[in-house]
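**Q** Structure for this input, please:
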Amino acid sequence: MKYKYIFLSLFLVVGVFFAGCTQQMNADEIAKKMQEKYNNINTMEGNMMITLTVNGITKSVEYNYAFKKPNKFYMENKDMLIVSDGKIMYIYDKKSNKYMKTEINGEENPYNPDYGKFIKNMLKLYDVKYLGEETYDNKKCYVLELISKKDPTIKIKMYVDENYWQPLKIESKDMTIEYKNVKFNVDIPDSKFIFTPPKGAELIGSGKVLTSTNIDEIQKEVNFKILVPKYTANLKLQSAKLVKQDINGEEFEMVNLIYGNMGDLNIIEMKDIGNQIDVGNKITLNNGVNATIYESNGYTSLTFSYNGVRVSIMSKLSKDEVIKIANSMIE
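**A** Sure thing, here's the model as predicted:
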């Protein structure tokens, strides 16, 4: 069971919450309108279809889906059950009768499908173009195009329900998320979001997801020394995130440091296990530390290992700035 891929998919699903507009609306009006409508939504349920294209191969998976404010959610199909009461998330593989338990806490919940608080941030990240109105799944929708302010080649088409301003279909280059047969403000009992392991079910792993604006708080949970850059090109820390898993006795820890209000600098750290494949040109950092650097589509990626920690830096800053940031992490 590929739990790591499931976690990545979940980040993709719950991380996409955008804002819409008509041509007459400015950013403040958009946020006000969406928040107004959002405040009227307490629950939703329906079917969710995720379609991914990887290396030219397209696959779709469909779930029965339910959400209850502020952060309870449920996803189930014939093979899998993913459910959270807002504090603990369970992933249950029906075929193998095995499950994984993950504690979710911190100042922000990365799995929380509550999109209301992201409205203004999304408007900062995207230019929004109104394309017109269409009917999708028997619901009248505004059709919007979102163009990334950081990279205009990144475009997203979205169908937004006119009554509730809830995205019902989100199309990007390699992924489409669709919500069908959606019902809003239906009565969903809390018991739907509680997982009781079936008879004989085996707990094969546990984990924790923690988000904070305090790196020291994250450090207490990690078994390696987090390398904190002394130089960040004047970008301020927005969040520090920890994903910690223990699957069949194998521990996995990953820390993600995000700087800049548009995620201008992204640093990922984990224990160096010594068998990673490096891509890019070889360079030498301070104290003779070897690194690889790679530039593509306006981004610079730099990877190095130091004091048993594997570090990957990605940013749209210049190559020289990224190298300066990496050097500031080496004593």
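**Q** what bits of the stretch 101-250 of the chain have low per-residue confidence?
**A** For the stretch 101-250 of the chain, the stretches flagged by pLDDT under 70 are 106-122.
**Q** Which parts of it are helices?
**A** Secondary structure of the stretch 101-250 of the chain by DSSP state H, counting those that start in this stretch: the helices cover 119-125, 215-219.
**Q** Compute the first-to-last residue distance for stretch 82-95.
**A** 14 Å (CA to CA, to the nearest Å).
**Q** Can I get stretch 317-329 in CSV, CA atoms only?
**A** Extracted as CSV, the C-alpha positions of stretch 317-329 are listed here (Å, rounded to 0.1, in the frame of the first residue of the first chain):
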residue,chain,number,x,y,z
LEU,A,317,15.2,33.5,-6.8
SER,A,318,18.4,33.8,-8.8
LYS,A,319,20.9,31.0,-8.8
ASP,A,320,23.4,33.1,-6.9
GLU,A,321,20.7,33.9,-4.2
VAL,A,322,19.9,30.2,-3.8
ILE,A,323,23.5,29.3,-3.4
LYS,A,324,23.9,32.1,-0.8
ILE,A,325,20.9,30.6,1.1
ALA,A,326,22.5,27.1,1.0
ASN,A,327,25.8,28.4,2.2
SER,A,328,24.1,30.1,5.2
MET,A,329,22.9,26.7,6.3
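**Q** ok now it, how far from the chain's centre?
**A** Here the centre of stretch 317-329 is set off from its chain's centre by 25 Å, with CA atoms, centre = their mean, to the nearest Å.
**Q** before we move on, what about stretch 166-184?
**A** So, by CA atoms, centre = their mean, the centroid of stretch 166-184 is 16 Å from its chain's centroid.
**Q** Need the residues that contact that stretch.
**A** Stretch 166-184 has contacts (CB atoms under 8 Å, 6 or more residues apart in numbering) with 12-13, 16-18, 20, 37, 41, 43-54, 65, 115, 136-137, 139, 141, 154-161, 164. Placement of C-beta: from N, CA and C, glycine included.
**Q** Please narrow these to those residing in strands.
**A** Applying DSSP state E to those, the entries found in strands are 43-54, 65, 136, 139, 141, 155-161.
**Q** Got a ChimeraX select line for the buried ones in those?
**A** The ChimeraX selection below is limited to those of the ones in strands among the contacts of stretch 166-184 classed as buried (16 or more other CB atoms under 10 Å):
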select :44,45,46,48,50,65,136,139,141,155,156,158,159,160,161
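**Q** Give the bridge partners for residue 184, please.
**A** With DSSP bridges as the criterion, residue 184 is bridged to residue 44.
**Q** ok, so what distance separates it from residue 234?
**A** 43 Å (CB to CB, to the nearest Å).
**Q** likewise residue 47?
**A** 46 Å.
**Q** who does residue 206 bridge with?
**A** residue 101, residue 246.
**Q** What are the neighbouring residues in contact with it?
**A** Applying CB under 8 Å, 6+ apart, the residues near residue 206 are 100, 101, 102, 103, 245, 246.
**Q** Go ahead and confirm the first one touches residue 207.
**A** Yes - counting by CB atoms under 8 Å, residue 100 touches residue 207, with 7.0 Å between them.
**Q** Need the residues touching each of these two.
**A** What both residue 100 and residue 207 touch, as defined by CB under 8 Å, 6+ apart, is the set residue 245.
**Q** What is the neighbour count of residue 216?
**A** Here the count is done by other CB atoms under 10 Å, and residue 216 has 10 residues near it.
**Q** List the contacts of it.
**A** If you count contacts by CB under 8 Å, 6+ apart, then residue 216 has nothing around it.
**Q** gap between it and residue 101?
**A** Per CB to CB, residue 216 is found 26 Å from residue 101.
**Q** Give me the more crowded residue out of residue 184 and residue 234.
**A** Per other CB under 10 Å, whichever of residue 184 and residue 234 has more neighbours is residue 184, with 15 against 7.
**Q** and the closest residue to residue 104 other than its chain neighbours, how many residues sit next to it?
**A** Of all residues not flanking residue 104 in the chain, residue 209 sits nearest, at 4.8 Å (CB to CB, 6 or more residues apart in numbering). Using other CB under 10 Å, residue 209 is surrounded by 21 other residues.
**Q** Ok, residue 57 next?
**A** Residue 57 has 7 neighbours, counted by other CB under 10 Å.
**Q** Ok, residue 274 next?
**A** So residue 274, with other CB under 10 Å, has 8 neighbours.
**Q** For the remainder of this discussion, apply numbering that starts at 38.
**A** That works, and once the first residue is 38, the last one we named lands at residue 311.
**Q** ok so it is a strand residue?
**A** No - looking at residue 311 with DSSP: H, G, I helix; E, B strand; the rest coil, it is coil, so not inside a strand.
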